[in-house]
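Engineer: Prediction below, plus the sequence it came from.
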Amino acid sequence: MKNAWFPLFLIGWLAVCSESATWTVGGGGGSDFETLSAALGAASASDTLLVAPGVYDTTTGEIVPLPLSDGVAIIAASSDNRPRVVGDREHPVIRCERVEGFLLDGLVIEGGGGLDGAGISCATSVGTIRNCRIEKNFYYPESQDITLTLGRGVFLDSSAATLRNCWITETRGPGLPMSIFEGGGMVCFGVSSATLEGCTITENHNDGIRFFASGDLTLINSLIAKTDPSTPQSSGSGLAFFSEGICRIQSSSIVGHLTGGISVGFGGTCQIKNSIVWNLGTELNGEGYIVDHSCIRGGHEGEGNLETYPQFVAPANGDWRLSNGSPCIDSGEGSSLSAMDLDGVDRVRGNEIDMGAYESPEDFEPLPAGEPPAKLYVASHATGKSGDSWEDPLSTLYEALLRIAGEGEIWIRSGK
C-alpha cells in the first residue's frame with residue numbers, strides 16, 4: 001500500500017491535464033494569444049478560443065487557411081461587435097480536415113477564395129456553425145481552373161454540419177460561366193449531411209445550395225433568396241438536390257430566383273411543408289416531391305397548398321415578409337419544428353402557423369385568394385404597391401414578373 005499514492009497521483013495529474021481550457025485571443029494586449037493562428041497551433045482538443053473584436057487577417061499575422069482541430073471552439077467574445085476573420089482571396093478562410101466536433105460561433109468570415117469553399121471548407125469533418133456571417137467571399141480565375149470551382153460560402157466533402165442563425169451572402173464570381181457543381185452559398189459532396197435552421201442565404205451569384213451528396217439536407221425557418229437580379233451570374237436557382245436521400249424543407253422560403261426554385265434528381269425525395277417556393281422559371285423541377293400546406297408558384301398537388309401570390313412586403317429590396325392580407329397568413333398546419341421564426345419572434349402568433357420563414361404580426365389576417373392579375377403597370381421611381389394602374393404602378397419589372405402568373409401583360413412606362 002506504500003506505493004499506491006503514485007498511480008493515484010498520476011491519474012489525477014492526467015485528468016487535470018486533459019481538461020479543456022479557455023484561451024483569449026486578440027484585444028490589443030493582456031490576452032493569451034494575439035492571433036488565431038497562434039492560438040490554434042497551441043490549442044488542445046476541446047479547448048475554447050474567445051476572440052476579441054477586431055480584424056484578423058494576414059496583415060495582423062494570420063496564416064490562412066486557419067486549420068481547425070478536434071473539439072476546438074472559436075467563439076466571439078462579444079455578440080455586439082463580431083470579430084472579422086478575413087482571408088487572402090486565394091485560399092479558404094477556415095479549413096477542417098478530419099475534424100470532429102468543431103464549433104464556430106459569432107464570427108464574420110470573409111475574403112476567402114479557392115476551389116473548395118472560399119469561406120469554410122470541410123473534408124471528412126463534423127461540426128457546428130452558429131451566429132456566423134459568411135460574406136464577401138470570391139473566386140478569381142487568374143491562377144485556377146474555373147471549371148473546377150465547387151462553392152464559395154461553405155463546402156462539405158463527406159462531412160456533416162449544423163448551421164444555426166447564419167448568413168451566407170454576397171459571394172461573387174468572376175463573371176464567367178460556372179461549372180455545374182458551382183454553388184454561391186453552399187455545396188455538399190460525398191457522404192455529407194447538413195441541417196440549416198434560422199439561416200439566410202441571399203444575394204449570391206449562382207445557386208443558393210447545391211447538394212451532390214449521398215445524405216440528407218434539412219432546412220427549418222430558413223430563407224434562400226436572390227435579390228440582385230441585375231448581375232450576370234444571378235441565373236441560378238434556389239436549391240439543387242441530387243441525392244438518394246431526403247431533403248426536408250419546413251417553414252422556409254425559397255424565393256426570388258431567376259431560373260426556378262428547386263431541382264431534385266438521382267432518386268431523391270423532397271418534403272416541403274409550411275413553406276413558400278416563389279421564383280421565376282420552373283418551381284419544382286424533377287420528381288419525388290411531397291408537398292403540403294405550402295405556397296408554390298404555378299401550384300402543386302397536396303393538401304392545403306396555395307398558388308396565389310404571397311404578397312411579399314418588398315421583394316425588390318429583399319424583404320420577403322408577408323404583407324397584411326397575404327393568403328399565406330394562418331395557412332400552415334401543425335406545430336413548427338422551432339419556437340421562433342427567422343426574425344426570432346414567436347412562431348405561432350395567430351390562429352395557425354404562417355407559411356414561409358416569417359411569422360406575421362398577430363393582428364394580420366389573410367384575405368381570400370383572388371385571380372392573378374391580367375395586367376400590371378411598371379414605372380421607374382414609382383411608390384405604388386398594387387401595380388394595377390398607372391396611378392399606382394410598381395417600381396421594378398422584377399416584382400411585376402414575380403406577381404404575374406401564367407399569361408398576362410406587363411406595361412412599362414418609358415423613361416429611365
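Structural biologist: Cool, got the structure.
Engineer: Wait, a strand at Leu49?
Structural biologist: Yes: assessed by DSSP: H, G, I helix; E, B strand; the rest coil, Leu49 belongs to a strand.
Engineer: give the contact list for it.
Structural biologist: 22-25, 33, 36, 39-40, 43, 72-75 (Cβ atoms under 8 Å, 6 or more residues apart in numbering). Quick note: C-beta positions are derived from backbone N, CA and C, even for glycine.
Engineer: pLDDT-wise, which helix or strand of this structure ranks last?
Structural biologist: helix 5-18 (a mean of 43; mean pLDDT, DSSP states H and E).
Engineer: Can I have the buried ones of the contacts of Leu49 as a ChimeraX selection?
Structural biologist: What follows is the ChimeraX syntax selecting those of these that are buried according to 16 or more other Cβ atoms under 10 Å:
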select :23,24,25,33,36,39,40,43,72,73,74,75
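Engineer: Please flag which of the contacts of Leu49 sit within helices.
Structural biologist: If you go by DSSP state H, the contacts of Leu49 have Leu36, Ala39, Leu40 in helices.
Engineer: quick check, nearest of those residues to Ser389?
Structural biologist: Nearest to Ser389 among the ones in helices among the contacts of Leu49, counting by Cβ to Cβ, is Leu36 at 57.5 Å.
Engineer: Please, where are all the strands along the stretch 201-350 of the chain?
Structural biologist: With DSSP state E, counting those that start in this stretch as the criterion, the stretch 201-350 of the chain has strands at 209-213, 217-220, 223-225, 239-242, 246-250, 253-255, 262-265, 269-273, 276-278, 284-285, 289-292, 295-296, 312-314, 319-322.
Engineer: Nearest to Pro393, out of the ones you listed?
Structural biologist: Closest approach to Pro393 among these (Cβ to Cβ): strand 312-314, 14.9 Å.
Engineer: Can you tell me which of the ones in helices among the contacts of Leu49 lies closest to His205?
Structural biologist: Leu36 (28.0 Å).
Engineer: That closest one and Val85 touch, don't they?
Structural biologist: Yes: counting by Cβ atoms under 8 Å, Leu36 touches Val85, with 6.8 Å between them.
Engineer: Check the contact lists of those two and give me the overlap.
Structural biologist: Contacts common to Leu36 and Val85, judged by Cβ under 8 Å, 6+ apart, are Tyr56, Glu62, Leu66.
Engineer: residues contacting Leu68?
Structural biologist: Counting by Cβ under 8 Å, 6+ apart, Leu68 makes contact with Leu40, Ile74, Ile94, Arg95, Cys96, Val99, Phe102, Ser125, Gly127.
Engineer: likewise Ile224?
Structural biologist: Contacts for Ile224 (Cβ under 8 Å, 6+ apart) come out as Gly185, Ile201, Thr202, Gly208, Ile209, Gly238, Leu239, Ser252, Ser253, Ile254, Val255.
Engineer: Could I get the pLDDT score of it?
Structural biologist: pLDDT for Ile224: 98.
Engineer: does it have beta-bridge partners, and which?
Structural biologist: In this entry, Ile224 is beta-bridged to Ile201, Ile254, by DSSP bridges.
Engineer: Please tell me how far the nearest residue to Ala374 once chain neighbours are set aside sits from Phe33.
Structural biologist: Excluding the flanking residues, the one nearest Ala374 by Cβ to Cβ, 6 or more residues apart in numbering is Gly408, at 5.4 Å. To Phe33, Gly408 is 61 Å away according to Cβ to Cβ, to the nearest Å.
Engineer: Next: Pro327.
Structural biologist: In terms of Cβ to Cβ, Pro327 sits 55 Å off from Phe33.
Engineer: Was I right to think Glu399 contacts Gly318?
Structural biologist: No: judged on Cβ under 8 Å, Glu399 makes no contact with Gly318 at a distance of 11.7 Å.
Engineer: can I assume Ile209 is in contact with Ser222?
Structural biologist: No: if you go by Cβ under 8 Å, Ile209 and Ser222 don't touch, sitting 9.9 Å apart.
Engineer: Need the overlap of contacts for these two.
Structural biologist: Contacts common to Ile209 and Ser222, judged by Cβ under 8 Å, 6+ apart, are Ile201.
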